[in-house]
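Asks: Provided below for reference: sequence and predicted model.
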Amino acid sequence: MKRAALGIRMHSGWGVLVAVSGDANSLELIDRRRIITADPAMARAQQPYHYAASLELPEAEQYLAACAAASITLASAAVGDLIRRLEGRQYRVAGAAILLASGRALPSLAQILAAHPLIHTAEGEFFRNAVRKACEDFGIPVTAIKEREMDERAGAVFGSAVSGVRHTIATLANTLGPPWTKDHKTAALAAAMVLAGNAACKTAKASLR
């Protein structure tokens, strides 16, 4: 089976999931989809921490736990469907990359709910964690990449080939058609970095035998 990697860029209650295969010289876009990670049947599920801020702390904890369970279920369904479709086309998912914002550690729930900027940060982490958990439950290794470090890390992974990789990614929409937004391009680059990293690890292991 061919190796593939997933790239994921999340927003509040939804995200972009991209699957690529190949290497720096022959990247191939094999799937692209919008995934939903907020249960529409739950109150304010797209902004759970905003809603939780209006509740007493015990109720907020219960509400967020329920939202988390629902989001993980939705993310697992989306990731599982993609894995099955790719396996049917003879692709094996070797890893996934999730784009982070700041990647900062969060304080206690009470402190989060008392500070509006932290509420936004927590919501971003909330939906990224749902997809991360879904990938890990399927045995997919997950790499977290801070967006502000993308250029530096891409340069380290691809070296002098990085410009060519970026150009290839910019034109990948020719395969499946639009949309092909910044979300998709960033996710595709992250996935390509995972593939390149896995290939480098395999080469290193082979040289030690």
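Replies: Done, it's in.
Asks: Packing partners of the helix ranked longest in the chain?
Replies: What stands out as the longest helix in the chain, according to DSSP state H, is helix 57-88. Contact analysis of helix 57-88 by 3 or more C-beta pairs under 8 Å, 6 or more residues apart in numbering; DSSP states H and E lists strand 2-10, strand 14-21, strand 28-36, helix 48-52, strand 91-100, helix 109-113, helix 116-137 as its packing neighbours. Any C-beta I mention is one placed from the backbone N, CA and C, and that applies to glycine too.
Asks: please redo it, this time with the cut-off set to 6 Å
Replies: With contacts defined as 3 or more C-beta pairs under 6 Å, 6 or more residues apart in numbering; DSSP states H and E, helix 57-88 has these neighbours: helix 48-52, helix 116-137.
Asks: List the buried residues of it.
Replies: 60, 63-64, 67-68, 70-72, 74-76, 78-79, 82-83, 86 (16 or more other C-beta atoms under 10 Å).
Asks: farthest-separated two in these?
Replies: Ala60 and Leu86 (38.1 Å; C-beta to C-beta).
Asks: which residue is nearest the centroid of the protein?
Replies: For the chain, Ile8 is the residue whose C-alpha lies nearest the centre (C-alpha atoms, centre = their mean; 2.4 Å).
Asks: Just confirm it contacts Leu17, I think it does.
Replies: Yes: with contacts counted by C-beta atoms under 6 Å, Ile8 reaches Leu17, the gap being 5.5 Å.
Asks: So Leu6 sits against Ala19, correct?
Replies: Yes: with contact defined as C-beta under 6 Å, Leu6 reaches Ala19; the gap is 5.4 Å.
Asks: what about the two, which has more around it?
Replies: Comparing Leu6 with Ala19 by other C-beta atoms under 10 Å, the one with more neighbours is Leu6, at 28 against 24.
Asks: mind listing what the more buried one touches?
Replies: When contacts are counted by C-beta atoms under 6 Å, 6 or more residues apart in numbering, Leu6 touches Ala19, Ala96, Ala191.
Asks: In space, what's closest to it - neighbours in sequence excluded?
Replies: Ala96 (4.0 Å; C-beta to C-beta, 6 or more residues apart in numbering).
Asks: Run through the bridge partners of that neighbour.
Replies: Leu6, Val142 (DSSP bridges).
Asks: and it, what does it touch?
Replies: Per C-beta under 6 Å, 6+ apart, neighbours of Ala96: Leu6, Cys135, Ile140, Val142.
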